[in-house]
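>>> Predicted model and sequence below, questions to follow.
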Amino acid sequence: MSFVRRKLNQFRIHPACNFADPVKTPDGSSAATAGLILVRQRPQTAAGILFVTLEDETGITNLIIKPPIYRRWKQELRFAAGLVAWGRVQRHGSVVHLIVNRAKDIANAIDAPDNPAAIGSVSRDFH
(Lines give C-alpha, C1' and ligand atoms only; values in the text may rest on other atoms or scores of the structure.)
Protein backbone atom coordinates (compact mmCIF):
# COMPACT_ATOMS: atom_id res chain seq x y z
CA MET A 1 0.00 0.00 0.00
CA SER A 2 2.96 2.29 0.48
CA PHE A 3 3.20 2.87 -3.28
CA VAL A 4 -0.27 4.51 -3.29
CA ARG A 5 -0.08 6.15 0.16
CA ARG A 6 0.44 9.65 -1.26
CA LYS A 7 -2.81 9.35 -3.25
CA LEU A 8 -4.64 7.86 -0.24
CA ASN A 9 -3.46 10.76 1.94
CA GLN A 10 -4.87 13.21 -0.61
CA PHE A 11 -8.27 11.59 -0.06
CA ARG A 12 -7.81 11.65 3.76
CA ILE A 13 -7.72 7.88 3.94
CA HIS A 14 -6.07 6.84 7.20
CA PRO A 15 -3.32 4.24 7.45
CA ALA A 16 -4.07 1.41 9.88
CA CYS A 17 -1.67 2.80 12.50
CA ASN A 18 -3.92 5.86 12.98
CA PHE A 19 -6.68 3.65 14.37
CA ALA A 20 -4.49 2.80 17.37
CA ASP A 21 -4.40 6.51 18.32
CA PRO A 22 -7.66 7.76 19.89
CA VAL A 23 -6.60 11.36 19.19
CA LYS A 24 -6.32 10.76 15.44
CA THR A 25 -9.44 8.58 15.23
CA PRO A 26 -11.69 9.19 18.25
CA ASP A 27 -14.66 6.96 19.05
CA GLY A 28 -17.64 7.89 16.90
CA SER A 29 -15.62 9.90 14.39
CA SER A 30 -15.91 9.47 10.65
CA ALA A 31 -12.88 7.90 9.02
CA ALA A 32 -11.72 6.07 5.93
CA THR A 33 -9.09 3.41 5.49
CA ALA A 34 -7.71 1.24 2.70
CA GLY A 35 -5.86 -2.01 2.42
CA LEU A 36 -5.59 -5.44 0.94
CA ILE A 37 -8.18 -7.89 2.20
CA LEU A 38 -6.66 -10.55 4.41
CA VAL A 39 -9.83 -12.21 5.67
CA ARG A 40 -13.58 -12.03 5.10
CA GLN A 41 -15.76 -13.76 7.67
CA ARG A 42 -19.53 -14.01 7.71
CA PRO A 43 -20.35 -16.43 10.54
CA GLN A 44 -23.86 -17.83 10.74
CA THR A 45 -24.04 -16.72 14.37
CA ALA A 46 -23.40 -13.04 13.50
CA ALA A 47 -26.86 -12.21 12.08
CA GLY A 48 -25.54 -11.48 8.60
CA ILE A 49 -22.67 -9.22 9.69
CA LEU A 50 -19.51 -9.44 7.59
CA PHE A 51 -16.15 -9.01 9.31
CA VAL A 52 -13.24 -7.94 7.12
CA THR A 53 -9.60 -7.54 8.03
CA LEU A 54 -7.58 -5.12 5.89
CA GLU A 55 -3.82 -4.77 5.88
CA ASP A 56 -1.72 -1.85 4.73
CA GLU A 57 1.95 -1.02 5.17
CA THR A 58 1.39 0.04 8.81
CA GLY A 59 -0.79 -2.77 10.17
CA ILE A 60 -4.34 -4.11 10.14
CA THR A 61 -7.79 -2.56 10.39
CA ASN A 62 -10.93 -4.45 11.37
CA LEU A 63 -14.14 -3.65 9.52
CA ILE A 64 -17.72 -4.46 10.49
CA ILE A 65 -20.26 -4.47 7.68
CA LYS A 66 -23.93 -4.72 8.61
CA PRO A 67 -26.40 -6.48 6.25
CA PRO A 68 -27.89 -3.36 4.56
CA ILE A 69 -24.38 -2.08 3.77
CA TYR A 70 -23.33 -5.52 2.57
CA ARG A 71 -26.27 -5.67 0.17
CA ARG A 72 -25.47 -2.17 -1.17
CA TRP A 73 -21.73 -2.80 -1.73
CA LYS A 74 -21.87 -6.59 -2.26
CA GLN A 75 -19.74 -6.73 -5.42
CA GLU A 76 -16.85 -4.84 -3.84
CA LEU A 77 -17.11 -6.61 -0.50
CA ARG A 78 -17.19 -10.10 -2.04
CA PHE A 79 -14.77 -9.86 -4.93
CA ALA A 80 -12.25 -7.03 -4.47
CA ALA A 81 -8.69 -7.88 -3.45
CA GLY A 82 -8.36 -4.50 -1.77
CA LEU A 83 -10.86 -2.01 -0.40
CA VAL A 84 -11.29 1.58 0.53
CA ALA A 85 -13.86 1.76 3.33
CA TRP A 86 -15.59 4.75 4.89
CA GLY A 87 -17.44 4.62 8.18
CA ARG A 88 -17.57 5.39 11.88
CA VAL A 89 -14.86 4.47 14.38
CA GLN A 90 -15.95 2.23 17.24
CA ARG A 91 -13.66 1.82 20.26
CA HIS A 92 -13.97 -0.65 23.14
CA GLY A 93 -10.78 -0.31 25.16
CA SER A 94 -7.91 -1.29 22.89
CA VAL A 95 -10.23 -2.92 20.32
CA VAL A 96 -11.01 -0.66 17.37
CA HIS A 97 -13.35 -1.30 14.45
CA LEU A 98 -14.58 0.74 11.54
CA ILE A 99 -18.35 0.38 11.15
CA VAL A 100 -18.54 0.64 7.37
CA ASN A 101 -21.15 2.73 5.55
CA ARG A 102 -19.48 2.72 2.11
CA ALA A 103 -16.90 0.55 0.35
CA LYS A 104 -15.14 0.60 -2.97
CA ASP A 105 -12.67 -1.65 -4.74
CA ILE A 106 -9.31 0.06 -4.26
CA ALA A 107 -8.49 -0.38 -7.96
CA ASN A 108 -11.50 1.82 -8.78
CA ALA A 109 -11.19 4.19 -5.84
CA ILE A 110 -7.82 5.71 -6.69
CA ASP A 111 -5.72 6.16 -9.79
CA ALA A 112 -4.01 2.78 -10.02
CA PRO A 113 -0.29 2.65 -10.85
CA ASP A 114 0.82 1.49 -14.29
CA ASN A 115 0.55 -2.11 -13.16
CA PRO A 116 -2.89 -2.63 -11.59
CA ALA A 117 -1.96 -6.23 -10.78
CA ALA A 118 0.47 -4.83 -8.20
CA ILE A 119 -2.56 -3.90 -6.09
CA GLY A 120 -4.05 -7.37 -6.34
CA SER A 121 -3.87 -10.12 -3.78
CA VAL A 122 -5.86 -13.19 -2.92
CA SER A 123 -7.90 -12.95 0.27
CA ARG A 124 -8.58 -15.89 2.55
CA ASP A 125 -12.37 -16.17 2.83
CA PHE A 126 -13.85 -18.29 5.64
CA HIS A 127 -17.52 -19.25 5.74
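Yep, it's here.
>>> what's the helix or strand for residue 53?
strand 50-56 (DSSP states H and E).
>>> Could I get the full set of strands for this structure?
Applying DSSP state E to the chain gives strands spanning 30-41, 50-56, 59-65, 82-92, 95-105, 124-126.
>>> didn't residue 35 look like it was pressed against residue 59?
No: with contact defined as Cβ atoms under 8 Å, residue 35 does not count as touching residue 59 (9.0 Å). Heads up, the C-betas are built off the backbone N, CA and C, glycines and all.
>>> Spit out the residues that contact these two alike.
Residues touching both residue 35 and residue 59 (Cβ atoms under 8 Å, 6 or more residues apart in numbering): residue 16.
>>> Looking only at neighbour counts, state which of these two leads.
Per other Cβ atoms under 10 Å, whichever of residue 35 and residue 59 has more neighbours is residue 35, with 27 against 14.
>>> Find me the pLDDT at the nearest residue to the more buried one once chain neighbours are set aside, would you?
Among residues not flanking residue 35 along the chain, residue 54 sits closest, at 3.2 Å (Cβ to Cβ, 6 or more residues apart in numbering). Looking at residue 54, its pLDDT stands at 96.
>>> Also residue 48?
Per-residue confidence at residue 48 stands at 89 (pLDDT).
>>> Thanks again, I'm all set now.
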